[in-house]
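*Asks:* Need a 3D model of the following:
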Amino acid sequence: MFPRKTLIALWLLGQSAISIAESLPVNDLNPFLSGYDLPTVMPASLNPARLDIMEINYSVSNISLDQQTGIEHAIADAELHRWQMNYTHSINQYWSLRMELPYQSISGGSLDSFIEHFHRSFNLPNGNRQSWPRDRLLMDYSRNASNVFHLDDAQSGLGDVALRVGWNFDASIAHSTSLWFGLKLPTGNAAHLTGSGSVDASVALSAEQTTSENWIVFEQASLSLLGHGSPLSDEQKHIVWSGAAGADWKFITKMEVIAQLQLHTAIFDSQLKILGTATQFSIGPRYHGLKWQASLSIAEDIVPDTAPDVQFQFDLLHRF
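*Replies:* Below is the predicted model of the structure:
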């Protein structure tokens, strides 16, 4: 009879032809806070074949909100595009290094009409979209009748680069757990909303459990320590919690559907929903081969007016 560790190793090697991360690579792309380090759901399982991983992610969010309460007033009418390259290097069966290199642009975009039709088709609210100019860029925040931030010209550039170290301290056939430590650098431009202007640190505890042959569930809890950023620096908080939970259903060979719920506490000391706690639900299919993996997903703000109205994500991953 094989030793237990040998059986686990053989099983993990078999999984290398499937997928390593069961989550969807979704960030809250609210332009006011997209530069801050709120970690996506990180891999909980180790890389059984110790392969390096190259991942290309493209995300687009569209937001159209006008909120006022007390002394605050915010307008967010924009489309944000993010291209991100992630490179993960397996040092050994316990430790991994990861670098995240984003490029971000913000503009009026071109999806307003499509999103209005999409929301009507699924009986979802359109808010004030139909009364506003199509494909307009306007990001504005005022406090005590004094303008704090204003942007109405399209911008693009390098985002904030992040470095992460992952420690997989628990691995078995039934469950796996990893701890990820992150450091995000202010390489973007906060005035152009391509970065936050702050040095951020984070720690994320990511776990997954195989409940049956076709089902995997996963969870993550994260703590972010935010440096002094801008453009809303006077209203910014420095400790933010975030979390996620979801399930991966493998319904046919090489294909699966992932659904997840994620949220974070407020980054700003504000009564406005757009600057407060946010909750998103995302769902999408994924195809995986021996070394390639691709996913497509959509995310909605299930608590209205706390996050972009809709986000689309495409992710392509290669192990080598």
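*Asks:* quick one: contacts for Tyr141?
*Replies:* By CB atoms under 8 Å, 6 or more residues apart in numbering, the contact set of Tyr141 is Phe32, Glu72, His73, Ala74, Ile75, Asn147, Val148, Phe149, His150, Pro231, Leu232. All C-beta atoms are positioned from the backbone trio N, CA, C, and that covers glycine.
*Asks:* ignore the last one, Gln67
*Replies:* Gln67 neighbours (CB under 8 Å, 6+ apart): His73, Ala74, Ile75, Leu272, Lys273, Ile274, Asp305.
*Asks:* ok, of the contacts of Tyr141, which one's closest to Met85?
*Replies:* Distance to Met85, by CB to CB, is smallest for Phe32 among the contacts of Tyr141, at 24.2 Å.
*Asks:* how close does the closest one sit to His81?
*Replies:* 16 Å (CB to CB, to the nearest Å).
*Asks:* how about the nearest residue to Glu213, chain neighbours excluded?
*Replies:* Lys250 (7.8 Å; CB to CB, 6 or more residues apart in numbering).
*Asks:* So what's the residue count around the one you found?
*Replies:* Using other CB atoms under 10 Å, Lys250 has 20 neighbouring residues.
*Asks:* Now name the helix or strand holding it.
*Replies:* Assigned by DSSP states H and E, Lys250 belongs to strand 239-252.
*Asks:* same for that strand, what does it pack against?
*Replies:* Contacts of strand 239-252 with other secondary structure elements, assessed using 3 or more CB pairs under 8 Å, 6 or more residues apart in numbering; DSSP states H and E, are made with strand 215-226, strand 255-264.
*Asks:* Try it again at 10 Å.
*Replies:* Applying 3 or more CB pairs under 10 Å, 6 or more residues apart in numbering; DSSP states H and E, one finds that strand 239-252 contacts strand 200-210, strand 215-226, strand 255-264, strand 278-288.
*Asks:* where in the protein is pLDDT low?
*Replies:* Counting by pLDDT under 70, the ranges of the chain that qualify are 1-21, 46-50, 119, 122-131.
*Asks:* at 80 what do you get?
*Replies:* 1-22, 46-51, 111-132, 230-231, 233 (pLDDT under 80).
*Asks:* Show me the longest strand that occurs in it.
*Replies:* The single longest strand within the chain, with elements called by DSSP state E, is strand 72-90.
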